[in-house]
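S.K.: sequence-free structure coming up:
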């Protein structure tokens, strides 16, 4: 009996009796433990529900990841010839520039959005002498950048995640960029997809036709243009912007879904670990309750015999 009491005391330390229960005749573990066990059962039920949600979100993200990754690989070969010809003039001097950070409309995807916001702020600080304007894509980027650079935001674009990304959808974003005004440089910030667990923040810079002609004059002189040089350059730069934005949107979407799949996988594992711990606590509490009741029965029987 004494050994049983010692075991019950050790286990009972995890379940505190309600305040004011010290003077009651009912010892902890007989009937007072029932309320504590019900609380643990409710927590176990909540954790199971969360685990079901995170597991479902993981499967949805994995399905979207496969679709986006197929499109993304196909888009990489479209924009590369432009950068072979025009280069990536990130540091070319300019008086006015437009910065387009690509973020998601939904969260629960790790540091995908916060990384782009951080790089956007760093770029604006690094090129503080340049007149910078923001055109933010995604609700998450909008919410964060409005707090620190609200006065520099020209416009925002949201609801990108409702349907799968298409080229006409991206072309509408490019139209917004072109309508934002005349800028010497346009920076597109996005997450370059490396693997499911690795993304690389990337800046793709598109120069205006005038800046391209100035920076790449020697390289462009070897080409003959049938029509006007300015008209051809304008068309090429707009096509470069459309193909670059197309690839950037797909890269960012793939990175987002990969990060969300990993985040939901980690959440599901954490929920499983928490459920194991709660199950152990529940079993120990139930064992303590049974042990205490046995002690009461034995003590009562001993008292009657005495």
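M.R.: Perfect, I can see it now. Note that this is a predicted model, so its numbers are computed, not measured. Numbers count the residues shown, from 1 in each chain.

S.K.: and the lengthiest helix in the chain, average pLDDT?
M.R.: Using DSSP state H, we find that the single longest helix of the chain is helix 229-305. With pLDDT averaged residue by residue, helix 229-305 scores 90.

S.K.: Which neighbouring elements make contact with it?
M.R.: helix 2-12, helix 32-86, helix 112-126, helix 167-179, strand 185-195, strand 198-207, helix 209-215 (3 or more Cβ pairs under 8 Å, 6 or more residues apart in numbering; DSSP states H and E). Heads up, the C-betas are built off the backbone N, CA and C, glycines and all.

S.K.: Just send these back as a markdown table, with mean neighbour count and distance to residue 229 too.
M.R.: Shown next, in a markdown table, are the helices and strands packed on helix 229-305 (neighbours: other Cβ atoms under 10 Å; distance: least, Cβ to Cβ, whole Å):
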| stretch | mean neighbour count | distance to residue 229 |
| --- | --- | --- |
| helix 2-12 | 14 | 85 |
| helix 32-86 | 16 | 14 |
| helix 112-126 | 19 | 31 |
| helix 167-179 | 16 | 20 |
| strand 185-195 | 22 | 20 |
| strand 198-207 | 20 | 15 |
| helix 209-215 | 17 | 8 |
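
S.K.: Ok, which of those comes nearest residue 149?
M.R.: Closest of the helices and strands packed on helix 229-305 to residue 149 is helix 112-126, at 6.8 Å (criterion: Cβ to Cβ).

S.K.: Could you find the residue nearest the spatial middle of this structure?
M.R.: residue 109 (2.0 Å; Cα atoms, centre = their mean).

S.K.: So that one lies in a helix, does it not?
M.R.: No - looking at residue 109 with DSSP: H, G, I helix; E, B strand; the rest coil, it is coil, so not inside a helix.

S.K.: ok, it - contacts?
M.R.: Counting by Cβ atoms under 8 Å, 6 or more residues apart in numbering, residue 109 touches 256-257, 259-260, 263.

S.K.: One more pass at 6 Å, please.
M.R.: Neighbour list for residue 109: 256, 259-260 [criterion: Cβ atoms under 6 Å, 6 or more residues apart in numbering].

S.K.: Name the SS class of residue 161, please.
M.R.: coil.
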